[in-house]
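Asker: Compute the structure for the input listed below.
(chains A and B)
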Number of protein chains: 2
Amino acid sequence: MAERVVKAVLDGHVASRTPIWMMRQAGRYLPEYRAVRATAGDFLTLCYTPEHAIEVTLQPIRRFGFDAAILFSDILVVPHALGCDLTFEQGEGPRLSTVTNLNELNALSTELDASKIDRVYEAVTEIRARLPDETTLLGFCGAPWTLATYMIAGRGTPDQAPARLASMRDPAFFAALIDKLVEASATYLIGQFRAGVDAVQIFDSWAGVLDPEAFEQWSVRPIRRIVSAVRAEIPEARIIAFPKGATQAGLTSMALASGVNGVGLDWTADRRAVRGALGGRFALQGNLDPLALIAGGAALDRAIDTLMADFRGAAHIFNLGHGIRPETPIAHVEQMIRRLRG
Amino acid sequence: MAERVVKAVLDGHVASRTPIWMMRQAGRYLPEYRAVRATAGDFLTLCYTPEHAIEVTLQPIRRFGFDAAILFSDILVVPHALGCDLTFEQGEGPRLSTVTNLNELNALSTELDASKIDRVYEAVTEIRARLPDETTLLGFCGAPWTLATYMIAGRGTPDQAPARLASMRDPAFFAALIDKLVEASATYLIGQFRAGVDAVQIFDSWAGVLDPEAFEQWSVRPIRRIVSAVRAEIPEARIIAFPKGATQAGLTSMALASGVNGVGLDWTADRRAVRGALGGRFALQGNLDPLALIAGGAALDRAIDTLMADFRGAAHIFNLGHGIRPETPIAHVEQMIRRLRG
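Answerer: I've put the predicted structure just below:
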């Protein structure tokens, strides 16, 4: 078997050629994605139709030869499979039925709806079969904190105040919601590993609104519990945490206390400080500003060069510091790859 | 003259009784503010009518006896006084005419419109005359980076991508815009000091979307230039910077490199780490989560106790980590003051 470099870096190896993938690499900046989307109908249909999910997951690998494919899906599949209503309005983001008290929490399913998640596992198995042997396949889920913010507010809000307030006002409900999401997320990731992913990423997209104590309580500890539960079934499971907006201390704590193999850095993270705090061999992923990829030209080259110098000698997976934006020119992605590959 | 404790803490003194004020303390959570607002008409009329600006600035001092009053105004007064159209739509936030290239920048006024800012200075002088002698009067302005983000996008956006992109794509325009805002802001703060403020706060509300290098370039350095220009005219000028969302390294750099007397911490800041990095006598302001003030009860008491323990022995000004929200119960503000004053 060819070496899967992303996987190797997650084991602490420093790659001779830094592996590359991009968050949201299967997405709207690609005309071939937009073509599938036009026939598939709405976003959730795309997620739950293996034929489409497989195709769009493979598209960026075919076009760019990235070192990892990431399953095309959405973090809100877990609340949806627990019984929350979920829609995606064009240009509006997700809308969920809300869960704001113990009664509403207890009304959710006890099990993930197999008619939904089995479609995801089916896609995973087929993607793995079709991927080049050397390409790592990543699964993912949303972190409990981030899922809770959407379930409580029913949508994204500027700083997810409804969930922060619920954690203060009704800690018993909030802790029970997190417990449920820890359990469901672990089950979901175990299912993805059994279906064939090589590693998974846990997206804590709203970690940045938490104060340091709340970050430990609601980001690090729930992720640690997921890692433990997954490793109990899949001892070799490789796991990346991406606590977007985490402070340097938060990233360090996530790396050292949660049991993950790597942490993702967003574009605001201080690479050198985090590296200094963690040493060279803990896997670090990131963190090109997605806007540099829109800007292109000398600004892009310079941003890449600085980033690669900062990560030189580290167990580093190249990525963006946030998802690629739909308006990104493909020529700039090509420029990025040329700059990285020489 | 009675000692103005906020001013003394900005000189590095550790107060025997920690001084208190709250960002947005003159605002919609107060019925007496809503009453003035109902008669004054729109928000900008309120800002530019000294009678009203004076009244709403004094309201929270009368009701709560805070140690500082902060001028009622808005950071977008500076772009407005430079010639940008500005409106505030109910529940929509600000809308400005955009400035996206050198031509549009050069079309702005060279001077701040006296018919606008003289009304602000007039209010300052009268507020100082009416305030208790021991109450510090704070003026303020927006930081150049934050003002630039609104001027380029014409509004607030989730992560102020338009300005970040402009700084990469058209660095000559972007630097010229920042230069203009540095100069205008320094002029405006000097005017406020001459009119009677004791100290000023520079709000960099969007500092958190900048990467570390951009933070140095677009937050720390422009603020340092403003500090230098203000001190050239007002050598004793006391200045607080509030770079919301700054990392620990960013807060440290702002404190040590910009020349300010104090830094404001938002609710996500790691108090102990920042204190450790800066030592005990640099003034630190903050940082109660405004949501704890909505929650009230034991959660509020506990948040206050932890905060005060972390800042014990420091040159500390108690404040929120962000503006008080309109839905905050006044009884919780009273609870907060009792907890702090004993």
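Asker: which regions of chain A sit below the pLDDT cut-off?
Answerer: Chain A contains residues with pLDDT under 70 at A:1.
Asker: the strands in chain A, which residues?
Answerer: A:68-70, A:86-89, A:93-96, A:136-142, A:199-204, A:238-243, A:262-264, A:283-288, A:316-320 (DSSP state E).
Asker: Please list the residues of the stretch 101-250 of chain A that sit near chain B.
Answerer: Proximity of the stretch 101-250 of chain A to chain B (C-beta under 8 Å from any C-beta of the partner chain) is limited to residues A:158, A:161, A:164-165, A:168-169, A:208-213, A:245, A:247-249. (Glycine included, C-beta is placed from N, CA and C.)
Asker: what would the strands of chain A look like in a markdown table with distance to residue A:119?
Answerer: Below are those laid out as a markdown table (distance: least, C-beta to C-beta, whole Å):
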| stretch | distance to residue A:119 |
| --- | --- |
| strand A:68-70 | 17 |
| strand A:86-89 | 15 |
| strand A:93-96 | 19 |
| strand A:136-142 | 14 |
| strand A:199-204 | 18 |
| strand A:238-243 | 23 |
| strand A:262-264 | 26 |
| strand A:283-288 | 28 |
| strand A:316-320 | 27 |
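Asker: Could you confirm whether stretch A:277-285 reaches chain B?
Answerer: No - under the criterion of C-beta under 8 Å from any C-beta, chain B is not reached by stretch A:277-285; the shortest gap measures 11.0 Å.
Asker: what does that stretch contact?
Answerer: With contact meaning C-beta atoms under 8 Å, 6 or more residues apart in numbering or on different chains, stretch A:277-285 is reached by A:9-10, A:12, A:14, A:240, A:242, A:248, A:251-252, A:255-256, A:261-265, A:271, A:274-275, A:311, A:313-319.
Asker: Quick check on the residues you listed: which are buried?
Answerer: Among the contacts of stretch A:277-285, those classed as buried by 16 or more other C-beta atoms under 10 Å in any protein chain shown are A:9-10, A:14, A:240, A:242, A:248, A:251-252, A:255, A:261-265, A:271, A:274-275, A:311, A:314-319.
Asker: Select the longest helix from chain A.
Answerer: As assigned by DSSP state H, the longest helix anywhere in chain A is helix A:171-195.
Asker: what is the orientation angle of it with strand A:238-243?
Answerer: 140 degrees (axes from the mean of the first three to the mean of the last three C-alpha atoms, to 10 degrees).
Asker: name the helices or strands packed onto helix A:171-195?
Answerer: Packing partners of helix A:171-195 (3 or more C-beta pairs under 8 Å, 6 or more residues apart in numbering or on different chains; DSSP states H and E): helix A:77-81, helix A:102-106, helix A:114-130, strand A:136-142, helix A:144-153, helix A:161-169, strand A:199-204, helix A:221-233.
Asker: Pick out whichever of the residues of the stretch 101-250 of chain A next to chain B sits closest to chain B.
Answerer: Closest approach between those and chain B, by C-beta to the nearest C-beta: residue A:168, at 3.9 Å.
Asker: thought that closest one was touching residue B:301?
Answerer: No - if you go by C-beta atoms under 8 Å, residue A:168 and residue B:301 don't touch, sitting 11.6 Å apart.
Asker: Perfect, that will be all.
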